[in-house]
Structure formats: structure tokens, C-alpha cells
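Trainee: got a sequence here, can you model it:
(2 chains)
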2 protein chains.
Amino acid sequence: MPTRPVPQTENAEEGVREANRRFYQAFAALDIEQMDEVWLHEDWVACVHPGWDLLLGWEEVRESWARIFASTQRMKVEISSVWVRVEGEVAWVACTEHVTSTFERGFDQALVQATNIFVRRTIAGHASQWQMVAHHASPLPVAEAPTLQ
Amino acid sequence: MPTRPVPQTENAEEGVREANRRFYQAFAALDIEQMDEVWLHEDWVACVHPGWDLLLGWEEVRESWARIFASTQRMKVEISSVWVRVEGEVAWVACTEHVTSTFERGFDQALVQATNIFVRRTIAGHASQWQMVAHHASPLPVAEAPTLQ
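Mentor: Here you go, the predicted structure:
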């Protein structure tokens, strides 16, 4: 029985969602080797952590993740409102991150809005893969508990 | 005398820089018609103002600019550290915005890191044009005055 043909864009969008999930898995696992797999290793990849300046190039970006991971004991990251747009070999994702970080001296909860950009690259002998080339994350105000009128 | 051929990517990068400049001109002029020209009018364009949730679709995005412009008397925007990446028909810009907004009751100075995404579209009978499809702006800590040791 022939399989139902899947439209190209549906395929592409699922690939981007999967790449985005892998990024947050690496983030939550505090695993720099997983991060290595997620990102494209080029001198033009870009990253803005909440409240940080722009970091440019894989070396600088990787170093920032290594520092974040080294100073964090445990990380929980959930994402919601994931929205994807694919334009040819480039795609971007908007999503909300719910981050709980545990440090040596306490913990921090943050609500973060992220824009993640991916490009599709084919390495000889492998299936094409969506790889992260930019991450921009910025703080959202945490919703306040409802107050009595 | 023949003109020096300009490489395709150089052309593209200059086009993106020009589109980015037009965006900030519209922003500083508080001019919604200029904003109309800068953005692609699609239901998937996206915008994150500093500390705001994601806005999706041109209607919602345009409304946010109209509100910002209506509540602002004067706006000065300078940009620095402009960095551009072109991948085919998609490009993105990272830059730092130095924004001074004057309201009825005072003024506000902000340092903002922005990621702007553009796509190249050709309208029949016109030259192709880079149009904004995403803007993500987030607050940077303002550098403190140096303190005496």
C-alpha cells in the first residue's frame, strides 16, 4: 500500500520542531555535547541570553553555554506556544520558555520569550538536518497572582 | 568604463542593511505609513517588544506600533553594532538600539538588543525587496557610570 505523500512544508516544519526540542533537551540536561550537535559551528552564529549582549561565533556561544551549565546544578525547561515558520532552507521558531534553575545558593524561576533561527544543511552521506544558527531569549514579566478586588 | 561587478551577497547584504535602516527611520519618525512599507503584511509576521508577549500577524503587530506611536511624543533611535547574515531569500540582523522616548509625563532611555528577520519578495513589475517579518527586541542593562576605586 503506498504511503500517503507528506507535503514538503509539513515535513520541514516537523524537522524544525524536532531540532527545537533537541535544543531544549540539551539546555535542560546541561549537556554541552548535545549542544554541539544542535548548533551549526560557524563564526556567524549568534546568541542573546536574557539581559546579555550579543555573542557572535560558535566559540563564544559555546563558551557561554559551558559557563551557564557549570554554574547551574539543575535545570528544568518547559516550552509552550511554539510557533514555526519555514522559508526555504531557513526557519525560525518563537516559543515561551518556563525555566527553573537551581544553583548552589538557591533557585530562580524565569519566563522567557525566545526566537530561534535554524538553517537546513546537508552533510555528504547524511540526511539534511536543521541546525540552530541564532537564539535570542528575553525576560517576560512573570504573571502576578490574582489580587482580591 | 565598465562598472565593477558587485558580488550577489554584497548586494543582498546592502539591501538588508537598507531595509533595516528604513525600519528604524519609521520607528524614530513614529510614522505608521512608513511601518506599513517596511513590513510584509502576512498573518505569520511576528514581533516581541521589550517585555511584551509575542504578537503574531500583521494586524496585531501594526496595532502595537500604532499604540506605541500614539503614546509617544518624540522618539530618538540610534543603532550600533549592526550585524547581518543572508541565507538565500532570508536574512537576519542583530543590532543594538539606543532609544530615547519622550512621553507626556517625562522621558525614558533604553538600551535594547534586537534581532530583525527579513525575507526577499518580488512584486510583479518591481525590483525585489527585503521586507521585515520578525522583530525581537529585549532590554540590555544600561552601562553604569564608572565608580571610583
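Trainee: check contacts around the residue nearest the centre of chain A.
Mentor: For chain A, residue A:23 is the residue whose C-alpha lies nearest the centre (C-alpha atoms, centre = their mean; 4.4 Å). Contacts for residue A:23 (C-beta atoms under 8 Å, 6 or more residues apart in numbering or on different chains) come out as A:35, A:38, A:116, A:132, A:135. To be clear about C-beta, it is placed using only N, CA and C from the backbone, and glycine gets the same treatment.
Trainee: verify the contact between the first one and residue A:62 for me.
Mentor: Read it as residue A:35. Yes - Residue A:35 is in contact with residue A:62 according to C-beta atoms under 8 Å; the separation is 6.9 Å.
Trainee: buried stuff in stretch A:19-26?
Mentor: A:19, A:20, A:22, A:23, A:24, A:26 (16 or more other C-beta atoms under 10 Å in any protein chain shown).
Trainee: one more: stretch A:98-106?
Mentor: The neighbour-count check on stretch A:98-106 (16+ other C-beta under 10 Å) flags A:99, A:101 as buried.
Trainee: nearest residue to residue A:18 in space, ignoring adjacent ones along the chain?
Mentor: Distance criterion C-beta to C-beta, 6 or more residues apart in numbering or on different chains; nearest residue to residue A:18, sequence neighbours excluded, is residue A:130 at 7.5 Å.
Trainee: quick one: mean pLDDT over the helix or strand hosting that neighbour.
Mentor: Applying DSSP states H and E as the criterion places residue A:130 in strand A:129-139. Taken as a whole, strand A:129-139 has a mean pLDDT of 96.
Trainee: related to what we said a few turns ago, for the contacts of residue A:23, which one is nearest residue A:94?
Mentor: For residue A:94, the nearest member of the contacts of residue A:23 is residue A:116. The distance, counting by C-beta to C-beta, is 8.1 Å.
Trainee: check contacts around the residue nearest to the closest one when sequence neighbours are not counted.
Mentor: Distance criterion C-beta to C-beta, 6+ apart; nearest residue to residue A:116, sequence neighbours excluded, is residue A:93 at 4.5 Å. Neighbour list for residue A:93: A:16, A:17, A:20, A:82, A:83, A:84, A:85, A:114, A:115, A:116, A:117, A:118 [criterion: C-beta under 8 Å, 6+ apart].
Trainee: ok so, going back, tell me if the residue nearest to the centre of chain A really is in a helix.
Mentor: Yes - residue state for residue A:23 (DSSP: H, G, I helix; E, B strand; the rest coil) corresponds to a helix.
Trainee: if I look at it, how far off is residue B:123?
Mentor: Using C-beta to C-beta, to the nearest Å, residue A:23 is found at 35 Å from residue B:123.
Trainee: residue A:116 now?
Mentor: Remark: distance between residue A:116 and residue B:123 (C-beta to C-beta) = 29 Å.
Trainee: likewise residue A:11?
Mentor: 29 Å.
Trainee: between these two, tell me which one has more neighbours.
Mentor: Neighbours per residue (other C-beta atoms under 10 Å in any protein chain shown) separate residue A:11 from residue B:123, with residue A:11 holding more: 12 against 9.
Trainee: I'd assumed that one was in a helix, is it?
Mentor: Yes - according to three-state DSSP, residue A:11 belongs to a helix.
Trainee: before we move on, the earlier item: local confidence estimate at the residue nearest to the centre of chain A?
Mentor: The model reports residue A:23 with a pLDDT of 98.
Trainee: relative to residue B:22, how far out is the closest residue to chain B within chain A?
Mentor: Nearest to chain B, among the residues of chain A, is residue A:138, at 2.9 Å (C-beta to the nearest C-beta). To residue B:22, residue A:138 is 24 Å away according to C-beta to C-beta.
Trainee: what of residue A:31?
Mentor: Distance of residue A:31 to residue B:22, given as C-beta to C-beta: 42 Å.
Trainee: returning to that earlier point: bridged to the residue nearest to residue A:18, which residues?
Mentor: With DSSP bridges as the criterion, residue A:130 is bridged to residue A:120.
Trainee: tell me which residues touch it, please.
Mentor: For residue A:130, the contact set (C-beta under 8 Å, 6+ apart) comprises A:15, A:16, A:18, A:19, A:91, A:118, A:119, A:120.
Trainee: at 10 Å instead, please
Mentor: A:12, A:14-20, A:22, A:38, A:40, A:86, A:89-91, A:93, A:118-121 (C-beta atoms under 10 Å, 6 or more residues apart in numbering or on different chains).
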